[in-house]
Structure formats: structure tokens, C-alpha cells
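Chemist: need a 3D model of the sequence below.
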Amino acid sequence: MTATPEATESVVRTYEVRTYGCQMNVHDSERLTGLLEDAGYVPFTSEVERAQRIEHPDVVVFNTCAVRENADNKLYGNLSHLAPIKAANPGMQIAVGGCLAQKDRSTITDKAPYVDVVFGTHNIGSLPVLLERARVGEEAQVEILESLEVFPSTLPTKRQSAYAAWVSISVGCNNTCTFCIVPALRGKEKDRRPGEILAEIEALVADGVSEVTLLGQNVNAYGVEFGDRQAFSKLLRACGDIEGLERVRFTSPHPAEFTDDVIEAMAETPNVMPSLHMPLQSGSDKVLKDMRRSYRQSKFLGIIERVRAAMPEAAITTDIIVGFPGETEEDFQATLDVVRQARFANAFTFQYSKRPGTPAATLEDQISPEVVKDRYQRLVDVVNDVAWTEAKKQVGRRVELMVSEGEGRKDEATLRLSGRGPDNRLVHFEADFSGVELDAVRPGDVVEVEITYAAPHHLVADGPVLAARRTRSGDAWEGRLAQSAGSGTGVTLGMPAVGVPAPLPDAPPAADLPVVVALGALSCQFWLLRTH
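Modeler: Modelled structure (predicted):
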């Protein structure tokens, strides 16, 4: 930290958390920020920077992902950028946690000896203690546990959204997909008791939250640990009894364990939203077998058919991997066929990424980069065409939106606001309140609009707002804003998907972009959980 002598006595220690990867990592970072603030640290914001005359945070935490092939390079590249800053500011500390830390362990301090703390996926609660040990002992602290120490939801948290929240129902995964390194890093599935989950949701609602997303690496396997195969559908129905909870979502289910009782619970519980993200990965039965995905094309399409029969308005999204070892042109065409039959509202498409330590990394018939790139582009074209066709069906519909924060990058220029419908589609709407009693709305408030235009990945509603209502979530957002203004720390907007998993544009394999929890803001790119 750089500070003038007269300012040194009054400064507080600041932090910044940089998050890479999936929803689970974003949720873990909310815990990490809560732990750090509980230990007396404050976010490194522009206001703090000016007040304390400092240029860099005292603690930088990397919450890493190990799914993509270039994750290692991303981490060490970012660490190298901090090396000269730390050399000039010896009191600065650098910590590395998450899946890559669980995988590489002491390798991190070998490659970057200036790192102070390395911690794994099972002991995020140890971070403040490890930082203090490293500071007092003046040597790196590496602590990697092989099993979960404390369920993350019991730790302090700092939610980045006033109106939406993640609620973790399980951690880990019992599947053995050949392309996935997650089970080795997150461990076997561990489930929370239903009462604990519902108590957390009720506490969130009391705090102003009106939308929750149930989070797990395989949410519909919930209950396996305590022997109740219908535990997930029962949990969805129980959420319907929580007064003040307006929207419930979940991510991500596995097709092999998707049962009809879940479809019935979705259709019969009013606050469970008609949106489903269910990874396909491939439309070829041969490739699915090679991936060790315990379902086939017909089962996947059958689930979608039953979901649409129960909820005709449901929007269904998926994940697809192109170029898995041994994939033939015939296999690829089978994937395109499923995309056309399933009529996905969006699909998150990825080029296969070889990960050391996974069975697929040693398979023969690895596909050449040129062929993978060609198939990837053809898939994206079909996905976009299908998504656009589905989006056009929304034109003329009246849709109730929950106003979101920071999702419309062009809203200021277009004089629009943004929100999400029950099906999770993003809608940019005209801020015309001439037909209602309100003259403005806040994030978390609800409006009703008519869709006038469709694009592949968003909708537009130009015309007056048809109805609007203020909510407790909007009050919570306004209260947080006032509290932050009073403390002088400021509130940075632009938190598009905290608690509300949102579709992203298709990304090539190099797009392993960070989700930076910095200056109090979150934006996220999803990958890891979407592969389940």
C-alpha cells in the first residue's frame, strides 16, 4: 500500500477479490468478501483510494477456476502483473483460492513465490486466519483440505445484490463425466438439510430479497445424501410457501436425474419460474457415452417435451461442447438436429478443452483445432437462428419484469431500463411511465410491458410501461444505496447476474474472462456449473 506518512496511522486495510468461472465461485466470493469485512477489511474503492491516498489494495484474492485449458496461464499472468506492485509495497498480500488452488496446491508458490496464501475449495473460511499467519510469520501459508470443513452458507457473506440471492443447496458432484475435473476438486456431493435452506431463504426475504436461485453442481440430485429421491421437488414446493418470495430459479440439473416430480413442482408452484437450464453437451448418443453422460438423445428430448407440455411458456437453455475426442461429422449433425428440435432460447457453446487429470484428456482421436473451429461456428449459427426464431414469438406479449441493475449496457444512450421476465429473458424497456402513477422504478421493482422487438439474445419493449409496482426489494436497494452514501464508500452499479443466472453471448475457448469482484461490483461469465 502506498500512503503518505501522515495518513498511515488512520488507514484501514483494503481488499479486492477477483473471481473466475462459475456461479459457485461467485457465491464463494460473496462469502470471502463477508469474511474479510467481518475481519475488519474494507473494499478497495475509488473513494477509499482518494481518502487514504493509496494506489493498490492491501489484499488481493484470486478465486480461481480450473475448467478451461488456459486457466493456469490466466492466473499466472495476472499474478505476474502484481509482482512489481508487491515488491514496491511489501505489506501487500496476495491470496489464491478456488479450484485451481485445490488442483495445483504448492505449485502456485513455486511458480509465484510472492503469493502469501493458498487455500482450497473446502476451507474458504480459513482465509482471514491464513492472511494473519502469513503476515506475522512472514512466510507463505498453504492450506488445502480434502473434504469440506464448513458448509459455505454458514459463513459471513456480503451479497452483491439487494433483490436477488444465491442459495447453495449442495456442493460437490457424484458424476464421473470424462471431460470434467470438478468432482476431483469439489469432492463428492454434500447436501444441506432442507430446514437450513428454507431458514436461509426466509432470512433473505426478510432482508428484502425477492428472487433466489438454488445452486448446486447437480441440483436435482439433491437428497441423495439423506436418501430422499424427491427431496428437490419437495424443496421447490416448500419455497412456494414462503411469503414475499416472488421468484425461484435453480441451476443446473442433470438430465439423467431429471424426474417428472420436478416438472410437476415447477408447474404447480407459482413462484418457481418457467425457465430451465439443462446441459445437453452433445446430441450424439456415441459421444454422450464417451463423455460418460448417463442419458441419451431421446431421454433429453423427452424431458423437454414434458416440460413444455406442463409449461408452454418455458424458456429452455443448454450447454454444448464441440470437438469432443472421437466426434465425427455425423455426431456433430446429431447435435444440430437436437438444437433444432429442442428450440433452445439460448445455448452456451464451447470448444472442447483438454484438462489434465480427466479421462478425456487421454482419449485417442483428438479433433484438430481447424475442424473444431469450423463446427463451433456452424453450431453458433444454428443456435442463434433458433434463438431468434423463438424470441420473435414473444413480440406482442405482455410480460412482467423484475427491474435489474446494470444489465443494459446501452440503457443510458437509449433511455431505456432493463429487466428479466419470468422465463429469464432479458428485456430492455422504454422508461415511459406516462400511463402509471409512478414516475420511476428501482432495481427489484416490478413493471409490466409489451414486447415490440426481438433479437437473438434480448427483447425490447418500446412504448409506455403498462403497470408498475414498488417492492420491498426496491426499498432494500434504496436503503443500501443510502447507507453506502452515508458511509462514504459508494455503491457501484453493474451487477447483472448476482442470483439471477443470465444468458451470455457465445464465447470461443479463449474467452476465459474473469469475474472481478472489485469496487463492490460483480459481473459473471458462467462455465463450470453449466457443464453439469
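
Chemist: for the rest of this, base every contact and every neighbour count on C-alpha atoms.
Modeler: Fine.

Chemist: what's in contact with stretch 446-456?
Modeler: With contacts defined as CA atoms under 8 Å, 6 or more residues apart in numbering, stretch 446-456 is touched by 384-385, 387-389, 391-392, 394-403, 429, 459-471.

Chemist: return the subset of those residues lying in strands.
Modeler: The strands, defined by DSSP state E, take in 398-403, 429, 459-461, 467-469 from the contacts of stretch 446-456.

Chemist: my guess is Asp445 meets Arg470, correct?
Modeler: Yes: counting by CA atoms under 8 Å, Arg470 is a contact partner of Asp445 at 5.0 Å.

Chemist: what sits closest to Gly223 if chain neighbours are left out?
Modeler: Leaving aside its sequence neighbours, Gly223 sits nearest to Ala231 (CA to CA, 6 or more residues apart in numbering; 5.1 Å).

Chemist: likewise for Phe348?
Modeler: Among residues not flanking Phe348 along the chain, Asp319 sits closest, at 4.7 Å (CA to CA, 6+ apart).

Chemist: same thing with Arg469?
Modeler: Val446 (5.4 Å).

Chemist: neighbours of that neighbour, how many?
Modeler: When neighbours are counted by other CA atoms under 10 Å, Val446 registers 22.

Chemist: same question, Arg292
Modeler: 16.

Chemist: OK, contacts around the closest residue to it other than its chain neighbours?
Modeler: Of all residues not flanking Arg292 in the chain, Cys177 sits nearest, at 5.0 Å (CA to CA, 6+ apart). By CA under 8 Å, 6+ apart, the residues touching Cys177 are Met291, Arg292, Arg293.

Chemist: in the stretch 301-450 of the chain, where is pLDDT below threshold?
Modeler: Counting by pLDDT under 70, not a single residue of the stretch 301-450 of the chain qualifies.

Chemist: contacting residues around Ala66?
Modeler: Residues in contact with Ala66, defined by CA under 8 Å, 6+ apart, are Asp72, Cys99, Leu100, Lys103, Ile181.

Chemist: neighbour-wise, give me the winner out of those residues.
Modeler: Using other CA under 10 Å as the neighbour test, these are led by Cys99, with 26 neighbours.

Chemist: can you give me the neighbour number for Thr328?
Modeler: The number of residues packed near Thr328 is 16, by other CA under 10 Å.

Chemist: brain fart, Gly283
Modeler: Gly283: 24 neighbours (other CA under 10 Å).

Chemist: now swap in Asp365 and tell me
Modeler: By other CA under 10 Å, neighbour count at Asp365 equals 11.

Chemist: is it fair to say it lies in a strand?
Modeler: No: per DSSP: H, G, I helix; E, B strand; the rest coil, Asp365 lies outside any strand segment and is coil.

Chemist: Pro325 is in contact with that one, correct?
Modeler: Yes: look at Asp365 against Pro325 with CA under 8 Å: they come within range, at 5.3 Å.

Chemist: circling back: so which of the contacts of Cys177 are in helices?
Modeler: Counting by DSSP state H, those place Met291 in helices.

Chemist: can I get the contacts of Cys177 in JSON lines with pLDDT and distance to Gly421?
Modeler: JSON lines is the format used below for these (pLDDT from 0 to 100; distance: CA to CA, whole Å):
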{"residue": "Met291", "pLDDT": "96", "distance to Gly421": "34"}
{"residue": "Arg292", "pLDDT": "96", "distance to Gly421": "35"}
{"residue": "Arg293", "pLDDT": "96", "distance to Gly421": "31"}
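
Chemist: before we move on, back to that, from Ser294, how far off is the residue nearest to Arg292?
Modeler: Going from Cys177 to Ser294 by CA to CA, to the nearest Å gives 9 Å.

Chemist: repeat for His458
Modeler: Distance, His458 to Ser294, by CA to CA: 33 Å.

Chemist: could you do Val441 as well?
Modeler: Using CA to CA, we find Val441 at a distance of 46 Å from Ser294.

Chemist: phi, psi of the closest residue in space to Gln141 that isn't next to it in sequence?
Modeler: Nearest residue to Gln141, sequence neighbours excluded (CA to CA, 6+ apart): Val117, at 4.8 Å. Dihedral pair for Val117: phi -140, psi 140, per degrees, to the nearest 10.

Chemist: identify the bridge partners of Val117.
Modeler: Val117 forms beta bridges with Ala95, Gln141, as assigned by DSSP bridges.

Chemist: run a quick neighbour tally on it.
Modeler: Using other CA under 10 Å, Val117 has 27 neighbouring residues.

Chemist: roughly how far apart are it and Asp381?
Modeler: 44 Å.

Chemist: again with Glu405
Modeler: 30 Å.

Chemist: more neighbours, the two?
Modeler: The residue with more neighbours, out of Glu405 and Asp381, is Glu405; 22 against 12, by other CA under 10 Å.

Chemist: gap between the two ends of stretch 216-231?
Modeler: The first and last residues of stretch 216-231 sit 14 Å apart, counting by CA to CA.

Chemist: what comes into contact with it?
Modeler: Residues outside stretch 216-231 that contact it (CA under 8 Å, 6+ apart): 24, 168-173, 189-191, 232, 250-254, 257-258, 261-262, 529, 532.

Chemist: from the middle of its chain, how far away would that stretch be?
Modeler: Put simply, stretch 216-231 sits 20 Å off its chain's centre (CA atoms, centre = their mean, to the nearest Å).

Chemist: residue numbering should commence at 56 henceforth.
Modeler: All right, first residue 56 from here; so that's stretch 271-286.

Chemist: now it: mean pLDDT?
Modeler: The average pLDDT within stretch 271-286 is 92.

Chemist: what's the answer for stretch 536-546, then?
Modeler: 57.
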